[in-house]
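Peer 1: return atomic coordinates for the entry below.
(chains A and B)
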Amino acid sequence: MRNGLIIILILFFSVSCKKNNSISNEPLYQEQWALHYDKPFYDAYDININAHMHGEKSLLKYSGKGVKIAIIDMGIEQNHTEYTHALKKVINSRDGSNQITCNDYTVCYHGTAVTGIISSDINGDGLRGIAPDSEIIFIHLDLKGYVGDDEILDALIYAENENVDIVNASWGTGDVSPIIKSKIESMSNNGRNGKGIIFVFAVGNRGKSIPNDESMLESVIGVGSTDEENLRSIYSNFGEGLDIMAPGGFTLGITTTYAFNDETHPNPYMKAEDYKKFQGTSASAPIISASIALLLEKNPQLTRKEIQNIVLLSADKIGNIEYLNERNDYYGYGKLNLDKAISLL
Amino acid sequence: MRSIQAIIILSLFLSFSYTQSFDYQPINKKNGIYTQYKKSDGTIVNLKNTFFVKLKEVTNLNLLLSSYNIHIKKQYKDNMYLFESKERDLFKIMKQIQKEPYVLSVTPNSFKRIDIR
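Peer 2: Numbers count the residues shown, from 1 in each chain, chains lettered A, B, ... in the order given. Down below sits the predicted model:
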């Protein structure tokens, strides 16, 4: 009887340790400076000790299980081994088919990188996504040229029909149309059986304020970028639409997946100091989306408004600009603190 | 009495904002159809040759199609349609359709360059 108990305890601890070690065993985890503090890496690149998203406790406990995220983006390398487990569906918003071509770097790079930040698997290979067990619905929108309101509307309708919890958009128009505004507001109030779909938009990388952007909608979380010094990245847009900051880098990029059918790049990952690094508010937005997936895993009943309140009000007040009523135009409500947000649930 | 005044003020406000929303001047055309308009604030809007119309529940759709020589490009839920027109000045026809009693709203279908961030 006693021996049985000891065996159960040994098994329990070995499983717990395996889960914990499995994160640090990801070969590129050390350089994922946005996710956690790693002293040797931080010292080597002179990174501010608080530049990460303060989420290591949450990453050990949650993985986005049961949460569905729509990524509306350009293209994706569908066969990347880091997220084939998570990629449940791809939809071409032009015709509703599952046909998305990925034949050159410029088409596939962006969506592949965004997806990797959210859902890279804990598999002893490459890196760790923030919400590796979330389900990804990738909706292709042709972002390379001019896009009609009808095409954006179709992409949103596909997301709605897939009953997603979160929509990640690492893009924007700076000229949101009434029809798109109305659709986003409707989905964020009535989606998820009345709890509301959470919309996350990148605010942009032009170092200025953009009026009439999607990020300015009340129901949208507009995400800006912080750098290695734990300050606003110089390129990150500011203004009314900015709600929260997350790491997006400046000198260093955010380590993530690369569309590795491109022969000009040596491997399927973009490393932090890579010449083809991934940086910008496009990288910050999926950090927020994936973090929200962890909150929803802990409590799936949270409404869109509750999520917004928790994420924004738990943010760290960084920078040297005064916050009035909890926010300012350069940092929004501050920088993501995932562990603090989770602790509020 | 006050509520009547409030309704009148609200109606005036709504009619004013409606007029403003179509206060665009055509400036460039492609294949004989104006595709680019200038807003009253100076910003340029690029339009497709389609527009969104939301109709009231009981509507004679065929009458609308034949009256304005438009056809359905796409149908959405809640009585919303994407109509296509070959009218030279799209805003002109949108203004006319907006005045129909069975129309709830008319919205242009603009196209724009996406900022990948």
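Peer 1: for the chain, which spans come out with low pLDDT?
Peer 2: Let's take chain A. A:1-24, A:261-262 (pLDDT under 70).
Peer 1: was after chain B, sorry
Peer 2: B:1-23, B:29-34.
Peer 1: for chain A, what are the nearby residues on it?
Peer 2: B:21, B:43, B:46, B:48, B:50, B:52, B:74, B:76, B:82, B:107-117 (Cβ under 8 Å from any Cβ of the partner chain). (Glycine included, C-beta is placed from N, CA and C.)
Peer 1: from those, keep the buried residues only.
Peer 2: Buried residues within these, counting neighbours by 16 or more other Cβ atoms under 10 Å in any protein chain shown: B:21, B:46, B:48, B:50, B:52, B:76, B:82, B:107-112, B:114-117.
Peer 1: re earlier: so of the residues of chain B next to chain A, which ones are in strands?
Peer 2: The strands, defined by DSSP state E, take in B:46, B:48, B:50, B:52, B:74, B:82, B:107-113, B:115-116 from these.
Peer 1: which one of those sits closest to A:Gln308?
Peer 2: B:Asp115 (23.3 Å; Cβ to Cβ).
Peer 1: buried sites along stretch A:108-127?
Peer 2: A:108-122, A:126-127.
Peer 1: inside helices: which ones of those?
Peer 2: Members of the buried residues of stretch A:108-127 lying in helices (criterion: DSSP state H): A:108-119.
Peer 1: which of these come close to chain B?
Peer 2: A:His110.
Peer 1: nearest to chain B, of the ones in helices among the buried residues of stretch A:108-127?
Peer 2: A:His110 (5.9 Å; Cβ to the nearest Cβ).
Peer 1: OK, contacts around that closest one?
Peer 2: A:His110 is in contact with A:73-75, A:143, A:170, A:282, B:116, counting by Cβ atoms under 8 Å, 6 or more residues apart in numbering or on different chains.
Peer 1: so who does the nearest residue to it once chain neighbours are set aside touch?
Peer 2: Nearest residue to A:His110, sequence neighbours excluded (Cβ to Cβ, 6 or more residues apart in numbering or on different chains): A:Met74, at 5.1 Å. When contacts are counted by Cβ under 8 Å, 6+ apart, A:Met74 touches A:107-108, A:110-111, A:140-144, B:116.
Peer 1: now, which of the residues you listed sits nearest B:Lys92?
Peer 2: Nearest member of the contacts of A:Met74 to B:Lys92, counting by Cβ to Cβ, is A:Asp142, at 29.8 Å.
Peer 1: how far away is the closest one from A:Glu31?
Peer 2: 33 Å (Cβ to Cβ, to the nearest Å).
Peer 1: which of those two has more neighbours?
Peer 2: A:Glu31 (20 against 17; other Cβ atoms under 10 Å in any protein chain shown).
Peer 1: correct me if wrong: the more buried one contacts A:Phe41.
Peer 2: Yes: look at A:Glu31 against A:Phe41 with Cβ atoms under 8 Å: they come within range, at 5.6 Å.
Peer 1: what's the overlap in contacts for the two?
Peer 2: With Cβ under 8 Å, 6+ apart, A:Glu31 and A:Phe41 have no common neighbours.
Peer 1: not counting its neighbours along the chain, what's nearest A:Tyr333?
Peer 2: Using Cβ to Cβ, 6+ apart, the closest residue to A:Tyr333 is A:Leu312 (4.0 Å).
Peer 1: so that neighbour is in which element?
Peer 2: helix A:304-313 (DSSP states H and E).
Peer 1: report the secondary structure state of B:Asn28.
Peer 2: Following DSSP: H, G, I helix; E, B strand; the rest coil, we place B:Asn28 in the strand state.
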